[in-house]
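Trainee: return a 3D structure for these sequence lines:
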Amino acid sequence: MSKKFFLLIFFVFFLTNIEAKQLTNNVIVSIDNTIITDLDIIKEINFLKFINKEQAVNNPELLKKEIVVSLIDRKIKDIETNYFKIEVSEKEIEVNLYNYLERNKINNEIINSFYNQNEIEKDYLKNIIKIDMKWAKLIRQLYESRLNVNLTEVNKDLEKEQNNSVEDEKLKRQLIITEQNKLLNKFSATHLEKSKKKYLIKFL
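Mentor: Just a heads-up that it's a prediction; the model follows:
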């Protein structure tokens, strides 16, 4: 074969790769100065399939829509926590990352292999955890004074258990924490919706 033929093949291959990258990296959503691309969606889909191996995807289009919403939420949380200068220590992030992998029975070798195969940056999960931690810290700081738990309801639940006094105190603390977490989840959802209104979200 001639050199010209090899050059032609190389040129076609080069153009095809460029076109493929352009196709998979179209901007889907813009949020002020940040964007979400096709590539972001593909990464998230692959990551969710990796984490939820046994969960069947019955409706790919619905999954894609849900992922776009999830990515928008994550971008908003990242922007907001940066605006409020919320920080979490590297040690806290590493502990939460370790616990997450333990719960999902994933070791470093498995997750690094997944990243390599799917061309995903190795701190992908770590960044997700970091944003979630910063958001949780922000919500607690903003709404700490409003975490009032109805102790009457807590005491009613304690009466049903009929434990000894030591166990009652432990259970009471657990019940209070559970109720506070419910309140924090409500405040988180409300604050996220308010935050979305502050930014120009465009679907392209």
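Trainee: ok, the most centrally placed residue in the chain to Y115 distance?
Mentor: Central residue of the chain (Cα atoms, centre = their mean): I128, 4.5 Å from the mean position. Distance, I128 to Y115, using Cβ to Cβ, to the nearest Å: 13 Å. To be clear about C-beta, it is placed using only N, CA and C from the backbone, and glycine gets the same treatment.
Trainee: ok, now T152?
Mentor: Separation of T152 from Y115 (Cβ to Cβ) stands at 50 Å.
Trainee: which of the two has more neighbours?
Mentor: Between T152 and Y115, counted using other Cβ atoms under 10 Å, Y115 has the larger neighbour count: 19 against 7.
Trainee: residues in contact with the more buried one?
Mentor: By Cβ atoms under 8 Å, 6 or more residues apart in numbering, the residues touching Y115 are 121-122, 124.
Trainee: at 6 Å what do you get?
Mentor: Contact analysis of Y115 by Cβ atoms under 6 Å, 6 or more residues apart in numbering lists K122.
Trainee: next one: the one 3 residues further on
Mentor: Residues in contact with N118, defined by Cβ under 6 Å, 6+ apart, are N46.
Trainee: what comes up buried for whatever helix or strand L97 lives in?
Mentor: Assigned by DSSP states H and E, L97 belongs to helix 90-103. Using 16 or more other Cβ atoms under 10 Å as the test for burial, helix 90-103 gives 93, 96-97, 100.
Trainee: look at I28 and tell me its secondary structure.
Mentor: Classification of I28 by DSSP: H, G, I helix; E, B strand; the rest coil places it in strand.
Trainee: what segments of this protein are helices?
Mentor: Assigned by DSSP state H, the helices in the chain fall at 3-24, 38-51, 60-83, 90-103, 108-118, 124-143, 151-161, 165-196.
Trainee: quick one: residues in contact with the third one.
Mentor: So the one you mean is helix 60-83. For helix 60-83, contacts defined as Cβ under 6 Å, 6+ apart pick out 31, 34, 36, 40-41, 44, 57, 131, 134-135, 138, 195-196.
Trainee: before we move on, what about the second one?
Mentor: Where contact means Cβ under 6 Å, 6+ apart, the residues beyond helix 38-51 that reach it are 24-26, 67, 71, 114, 118, 120.
Trainee: now the two most distant members of the residues you listed.
Mentor: Maximum pairwise distance in those, criterion Cβ to Cβ, is 24.3 Å, between N26 and F114.
Trainee: mind putting the contacts of helix 38-51 in a markdown table, distance to L142 and pLDDT included?
Mentor: Shown next, in a markdown table, are the contacts of helix 38-51 (distance: Cβ to Cβ, whole Å; pLDDT from 0 to 100):
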| residue | distance to L142 | pLDDT |
| --- | --- | --- |
| T24 | 38 | 56 |
| N25 | 36 | 81 |
| N26 | 36 | 94 |
| I67 | 27 | 95 |
| L71 | 23 | 97 |
| F114 | 36 | 96 |
| N118 | 36 | 94 |
| I120 | 32 | 96 |
